[in-house]
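In: sharing a model that was predicted from the sequence below.
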Amino acid sequence: MKKGNAIIYLLAFVLIVSACTGTKKTAQSNLTRLNSYSEGELSYKSQFRFKYLFFESQRLKALEDYPKAVGLMEQCVAIDPLNADANLELSVLHTITENLTSALFYANMAFKLDPDNTWILLHLAQVNLALGNLQGELNAHLSLVKLEPSNLDFKYSLAQSYTSNNLFKKAIGVYETIEDRLGVSQEVSVVKERLYIALGDLKSAVKELQILIDLFPANLSYRGMLAELYQANNMTEEALKIYTNILIENPSDPLSNVALAEHYRLKNDFSKAFKYLNYCFDNPSFSREIKFQILLSYFELATSDSSYLVLLEPLLDKALFYHPKDPSFHALSGDLYYQSNQMDLAYKSYLDALDFGASDYFIWNRCLLIGLELKLYKEVIDLGDKAIQLNPIQPMLYLLTGLAYSIDTRYDNAILVLNKGLKYVVNNKPLRAEFYSYLGDAYHSLALHKLSDESYEISLTLQPDNPVVLNNYSYYLSLREVNLEKAEQLSKACNELIPDQANYQDTYGWILYKLGMHSKSLDWLRNALLNSNSASFVIMEHYADALYQNGLKEEAVQFWRKAISLGGDSPLLLKKAKDEALYE
């Protein structure tokens, strides 16, 4: 038992002890009861002061002024150190204030003074338990049973204490004396079965369960326990036989259905496994938590073997049918769709999970990621703002929301959110670099070039090999026609990291063009055009400009016109195609 739990239990016991202090067994004498264990008589003045301090301490304890109550009771013990009541009460007070070492000292003193007092022994047992002194607790329970052999509560406590000390055979012996008195008890037999299992005595454990099965044939749970016992000891055939017989009497028994489903799952007989699980999932009283655990286990299996989807999908549909507002099932449905790359369905399932009360940061994060992929930028912004309110220290939520703001051309909002999110990035250089990358993009879009350049520089300091930042930074420098030598170095590094990528090749070719290296530029832009999966009017226009500079005027005009046909509509492009001349 944890110390904290033991103390809580002990405090409850203390209240009982305090209430019963006046009824304890005492020796006969002509002295007041409070002095009944003293050797020799106290003066009348000492007796009077003792009584006053004792009852005043009790009053202060009732008012929960424990430090003062302890002080007064200590004075009582100083006046009459051989008084069992005072020692017990002082132990009780120390227990309440969680000074357990002192509580044990005074409890032992009270026991020595009055060894036949059951209340003292009960208190002593609980103080030892709170301190984790299991042997001390056991000794106290042994004394209690010795004092009152017919008290069954004391015997139950003794058996539990033997169990805590791993003395399982002795615990069984005590339970058997209880059975001699009361007859066979369902609770005791179950406990004995567990003790026999702990001893490795399978035969005796089976015997205990069989007794219960014979006495209570209508209670199918005992048969289920026996089947579990067989299954745990690799006696599969015996277990299956019991489960099958249970289902003859009760076809919807959850334990048997789940056990047989798992048996057939392990044998890769999914149709039979589904048959048995179907009973469970169609049973309204079948535990929602167990349903979820079953589905979760099949989902984990399905991530590496899609054949498990045969079981998972229809069972999940049943769970959603019977529990339409349970967020965990909707979240799992989202995971399933996400795994199978059905992003629109995954997004809807995650939204349903959030609508029905899911609060898991992971679900918010996944929802924002999918929303960005589906280009639902305004929805992502609304979701992101809510997610940040609920999870204000999760930097990824700021990053994704800031990106959505930026894509939606709300750059001021993007910058505000990204800068706020940066405060929560701790010991994560790649993530911090990503924040500065997005800030660089947003500042560029607002023509805040100094801040944009600074952001890109910080991003590359944190993560020098980020091809996206290398490409964007170098391209924007080329558009402004500043630091072209630096732009060339950045773009070259980008293409070395990711060769044969059309956009990166286009950037490098265009920087070479700006540097006046027209022949080399034409080669890079031609490769960019060849590697482009879908024709880009930007690459097409750049290539046409390079053709013109290399004396290939007719080809240049053709590609300017192709760029227009692909959607290019800048005034400069239209003028070049119309006049068949290069303008820069």
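Out: Arrived safely, thanks for sending.

In: how about stretch 248-256 as PDB, C-alpha atoms only?
Out: Written as PDB, here are the backbone C-alpha positions of stretch 248-256 (Å, rounded to 0.1, in the frame of the first residue of the first chain):
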ATOM      1  CA  ILE A 248     -24.400 -22.200 -25.200                       C
ATOM      2  CA  GLU A 249     -26.200 -20.900 -22.100                       C
ATOM      3  CA  ASN A 250     -25.500 -17.200 -22.700                       C
ATOM      4  CA  PRO A 251     -24.500 -16.400 -26.400                       C
ATOM      5  CA  SER A 252     -23.800 -12.800 -25.500                       C
ATOM      6  CA  ASP A 253     -21.400 -13.400 -22.600                       C
ATOM      7  CA  PRO A 254     -18.700 -10.700 -23.200                       C
ATOM      8  CA  LEU A 255     -15.700 -12.500 -21.600                       C
ATOM      9  CA  SER A 256     -16.200 -15.700 -23.600                       C
END
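
In: now that stretch: mean pLDDT?
Out: Per-region confidence: stretch 248-256 scores 80 on mean pLDDT.

In: ditto for stretch 161-178
Out: Stretch 161-178 comes out with an average pLDDT of 93.

In: just stretch 437-449 next, same as before
Out: pLDDT averaged over stretch 437-449 gives 97.

In: how far off centre is that stretch?
Out: Relative to its parent chain, stretch 437-449 has a centroid offset of 38 Å by C-alpha atoms, centre = their mean, to the nearest Å.

In: export it as CSV, just CAs?
Out: Output in CSV follows, covering the C-alpha atoms of stretch 437-449 (Å, rounded to 0.1, in the frame of the first residue of the first chain):
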residue,chain,number,x,y,z
SER,A,437,11.3,30.5,-42.0
TYR,A,438,7.6,31.3,-42.0
LEU,A,439,8.3,34.7,-40.4
GLY,A,440,10.7,35.4,-43.3
ASP,A,441,8.0,34.6,-45.8
ALA,A,442,5.4,36.8,-44.1
TYR,A,443,7.8,39.7,-43.7
HIS,A,444,8.7,39.4,-47.4
SER,A,445,5.1,39.5,-48.4
LEU,A,446,4.7,42.9,-46.5
ALA,A,447,7.9,44.2,-48.2
LEU,A,448,9.6,44.3,-44.7
HIS,A,449,12.8,43.1,-46.3
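
In: quick one: residues in contact with that stretch.
Out: Here stretch 437-449 makes contact (C-beta atoms under 8 Å, 6 or more residues apart in numbering) with 399, 402-403, 406, 409, 411-412, 414-415, 418-419, 451-453, 455-456, 459, 466, 468-469, 472-473, 476, 480. Using the backbone N, CA and C atoms, a C-beta is placed for each residue, glycine as well.

In: buried residues, stretch 454-474. List them.
Out: Using 16 or more other C-beta atoms under 10 Å as the test for burial, stretch 454-474 gives 455-456, 458-460, 462-463, 466-467, 469-474.

In: before we move on, back to that, so which of the contacts of stretch 437-449 belong to helices?
Out: 399, 402-403, 406, 411-412, 414-415, 418-419, 451-453, 455-456, 459, 468-469, 472-473, 476, 480 (DSSP state H).

In: and the next helix or strand past the helix or strand hosting Gly509?
Out: Assigned by DSSP states H and E, Gly509 belongs to helix 502-514. Using DSSP H and E, the helix or strand that follows helix 502-514 in sequence is helix 518-531.

In: other SSEs contacting that next one?
Out: Applying 3 or more C-beta pairs under 8 Å, 6 or more residues apart in numbering; DSSP states H and E, one finds that helix 518-531 contacts helix 502-514, helix 537-549.

In: packing partners for the last one?
Out: Helices and strands touching helix 537-549, by 3+ C-beta pairs under 8 Å, 6+ apart, are helix 502-514, helix 518-531, helix 553-565, helix 571-579.

In: repeat for the first one
Out: Where contact means 3+ C-beta pairs under 8 Å, 6+ apart, helix 502-514 is packed against helix 467-480, helix 484-497, helix 518-531, helix 537-549.

In: helices and strands of the chain: which one bottoms out on pLDDT?
Out: helix 3-19 (a mean of 44; mean pLDDT, DSSP states H and E).

In: mind checking how far the residue lying closest to Leu104 once chain neighbours are set aside is from Phe111?
Out: What sits nearest to Leu104 in space, not counting adjacent residues and going by C-beta to C-beta, 6 or more residues apart in numbering, is Val127, at 5.0 Å. Applying C-beta to C-beta, to the nearest Å, the value for Val127 to Phe111 is 10 Å.

In: ok, then the element right after the helix of greatest length in the chain?
Out: Longest helix of the chain, by residue count under DSSP H: helix 44-62. Next along the chain after helix 44-62, taking DSSP H and E as the criterion, comes helix 66-79.

In: close enough to count as contact, Asp352 and Ser328?
Out: No: assessed by C-beta atoms under 8 Å, Asp352 is found out of contact with Ser328, at 11.3 Å.

In: which one of the helices and strands packed on helix 537-549 is the most hemmed in?
Out: Of all the helices and strands packed on helix 537-549, helix 502-514 has the most neighbours on average by mean count of other C-beta atoms under 10 Å, namely a mean of 24.

In: I'd like the mean pLDDT over that helix, please.
Out: 96.

In: any idea how far Asp385 lies from Glu379?
Out: 11 Å.

In: and the residue nearest the centre of the chain, what does it touch?
Out: Most central residue of the chain, judged by C-alpha distance to the mean C-alpha position with C-alpha atoms, centre = their mean, is Asp360 at 9.2 Å. The contact partners of Asp360, taken as C-beta under 8 Å, 6+ apart, are Ala331.

In: need phi/psi at it.
Out: phi -60, psi 130 (degrees, to the nearest 10).

In: any idea how far Ser328 is from it?
Out: 9 Å.

In: repeat for Ser452
Out: 44 Å.

In: of those two, who's got more company?
Out: Neighbour count, other C-beta atoms under 10 Å: between Ser452 and Ser328, Ser452 has more, with 23 against 20.

In: correct me, but the more buried one touches Tyr476?
Out: Yes: Ser452 lies in contact with Tyr476 (C-beta under 8 Å); the separation is 7.0 Å.

In: what about Asp382, which helix or strand?
Out: In the assignment (DSSP H and E), Asp382 maps to helix 377-390.

In: quick one: that helix to chain centroid distance?
Out: 23 Å.

In: same check, this time on stretch 536-549
Out: For stretch 536-549, the distance to the chain centre is 54 Å (C-alpha atoms, centre = their mean).

In: what of stretch 54-71?
Out: 44 Å.

In: where's Ile246 relative to Leu403, distance?
Out: For Ile246 relative to Leu403 (C-beta to C-beta), the value is 56 Å.

In: what residues are up against the closest residue to Ile246 other than its chain neighbours?
Out: Excluding its sequence neighbours, the residue lying closest to Ile246 (C-beta to C-beta, 6+ apart) is Ser256, at 4.5 Å. Counting by C-beta under 8 Å, 6+ apart, Ser256 touches Gly224, Ala227, Tyr243, Thr244, Ile246, Leu247, Asn250, Tyr276.

In: if we go to 7 Å?
Out: Gly224, Tyr243, Ile246, Leu247 (C-beta atoms under 7 Å, 6 or more residues apart in numbering).

In: nothing else from me, thank you.
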